[in-house]
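Visitor: please work out how this folds:
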Amino acid sequence: MKQLSLKIIALGSILFGCTHSSPTKDLLTPDFLLQKNVKQITFQGDNERPRFSANGTRLIYSSQNRGNRKDLQVYETDLVRNKERRVTFSDGAAFDADYINDMEILYSSTTDEIKESPFLNRNPSKEFPPSDLYLSDRFGSDILRVTVQPGYDGEAFMIPHPTKPSVIFTSRRGDVTGVYRMDLKSRFVSLLASETGKDRRFPTLAPEKSRVAFKETNLESKQQSLQLVDLHTKQTALLKSGEGHYRDLFFAPRPPSRLFYSILRNGDKKYQIEVYNLETKCTQVVFKGKDDLLYPAVSNESVERLAFTRTVQEKKQIYMVDLPADLGPCLPDTSGNGEKSKTPAATPMNTPSVAPAVTPIASPVSVESPTPAPSPVK
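Guide: Next comes the predicted model:
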């Protein structure tokens, strides 16, 4: 009887705020408010884009509206000692932080761009602020600027390699937003996905480290899709499209290839967190409810944890919870990519995925372009 009551409560929280045209309106999914081991990580300001350290003991994220400071700054929470500390003290905003290793981080900042072009950047874009990528130690004292291209550089994701480490990131160059890759040793930037008339952003690395997923928006039709690009061939494949507004893509670090993201589905009023298994072609709802759920990130642990941002009374706070083992049934395929969803058991987790049909990415810019040598920042 108690279990039945919990299911009824969960169903009620799911249906609240959803319209009848939503494909998930009648789906019984776990609600994080009913999870006993849910933990609230932040309690001040507005917080976004959490990322776990490799060993899962720390969480790094951006936070703003703390005291007199309105700009985003990077913070870190020690999950073992339950202590938070501020990492960056930039004159401008600092955001989109990620761990490089145990002692170094990567993040974006507007500090130098605004100083270098104060008149041009007097009223910067909120979505694409003028910013560059920076490397730093975990304490924000030894800082190195690694991009100097005018415009927006953000949403960076580290590609680890013993001899050739690199970074994938979103860059807005002129009126075109695309996905690029930078070799951290040579500072050469290679194009992954950029095309006039399309915005491409939120890149994330697949666990086998040879493919990158990103969101594409057709600026004319406004239709959004999830795409997958091969790092070696620079060819792209459609994963899914036409379901709503996607954002905050994140591949789980461990196989199989599971792409987590936030989505405002057609007919819904709030963003929910979903996961798409590239091998089984199965889409499942992870969490949904009466609040926007954004910025999912999964830890690299045998018992995976999920960190995400939840809107609470118009504030964005970060929560953490063990990833549920059973996410329920696959959603019916409404993506328009011609592939039917399968149940999770249809393909074993250790079965290699079949590569989808690929097409070259059109590009108005050269594939390789050198970036000037980075300069230390005080």
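Visitor: tell me where the protein has helices.
Guide: 2-15, 111-116 (DSSP state H).
Visitor: correct me, but residue 295 touches residue 42?
Guide: No - under the criterion of C-beta atoms under 8 Å, residue 295 makes no contact with residue 42, lying 11.9 Å away. Yep, even glycine has a C-beta here, placed from its N, CA and C like the rest.
Visitor: these two: which has the busier surroundings?
Guide: residue 295 (25 against 21; other C-beta atoms under 10 Å).
Visitor: touching, residue 261 and residue 243? I think so.
Guide: No - counting by C-beta under 8 Å, residue 261 sits too far from residue 243 to count as a contact (10.3 Å).
Visitor: the more surrounded of those two?
Guide: residue 261 (26 against 21).
Visitor: and the helices of the chain, which one is worst for confidence?
Guide: For the helices of the chain, mean pLDDT drops lowest on helix 2-15, to a mean of 39.
Visitor: and the strands in the stretch 51-200 of the chain, which stretches?
Guide: Assigned by DSSP state E, counting those that start in this stretch, the strands in the stretch 51-200 of the chain fall at 58-64, 73-78, 83-86, 94-99, 104-109, 132-137, 143-145, 152-159, 166-173, 176-183, 188-193, 198-205.
Visitor: so what does the last one touch, helix or strand wise?
Guide: Yep, that's strand 198-205 we're talking about. strand 152-159, strand 166-173, strand 176-183, strand 211-218, strand 244-251 (3 or more C-beta pairs under 8 Å, 6 or more residues apart in numbering; DSSP states H and E).
Visitor: now that strand: mean pLDDT?
Guide: Per-residue scores along strand 198-205 average to 97.
Visitor: cool, the fifth one as well?
Guide: Per-residue pLDDT values over strand 104-109 give a mean of 96.
Visitor: next: the third one.
Guide: Mean per-residue pLDDT for strand 83-86: 96.
Visitor: what packs against it?
Guide: Using 3+ C-beta pairs under 8 Å, 6+ apart, strand 83-86 sits against strand 73-78.
Visitor: cool, and the first one?
Guide: In this structure, strand 58-64 packs against strand 46-52, strand 73-78, strand 94-99, strand 315-322, with contacts taken as 3+ C-beta pairs under 8 Å, 6+ apart.
Visitor: what comes up buried for stretch 157-170?
Guide: Within stretch 157-170, the residues that count as buried by 16 or more other C-beta atoms under 10 Å are 157, 158, 159, 166, 167, 168, 169, 170.
Visitor: find the nearest non-adjacent residue to the third one, please.
Guide: When the adjacent residues along the chain are set aside, residue 159 lies closest to residue 166, with 4.6 Å between them (C-beta to C-beta, 6 or more residues apart in numbering).
Visitor: doesn't residue 188 make contact with that neighbour?
Guide: No - counting by C-beta under 8 Å, residue 166 stays clear of residue 188, with 9.4 Å between them.
Visitor: list residues touching both of those two?
Guide: Counting by C-beta atoms under 8 Å, 6 or more residues apart in numbering, the common neighbours of residue 166 and residue 188 are residue 182.
Visitor: now the end-to-end length of stretch 274-288.
Guide: End-to-end distance for stretch 274-288: 9 Å, by C-alpha to C-alpha, to the nearest Å.
Visitor: right, I mislabeled it, should have said stretch 299-316
Guide: Using C-alpha to C-alpha, the end-to-end distance of stretch 299-316 comes out at 20 Å.
Visitor: again, but for stretch 114-130
Guide: Note: stretch 114-130 ends 7 Å apart using C-alpha to C-alpha.
Visitor: now stretch 201-212: buried residues?
Guide: 201, 202, 203, 204, 205, 206, 207, 211, 212.
Visitor: can you list the residues that contact it?
Guide: Contacts to stretch 201-212, defined as C-beta under 8 Å, 6+ apart, come from residues 155, 157-160, 168-170, 177, 179, 192, 213-215, 228-232, 246-257, 259, 261, 278.
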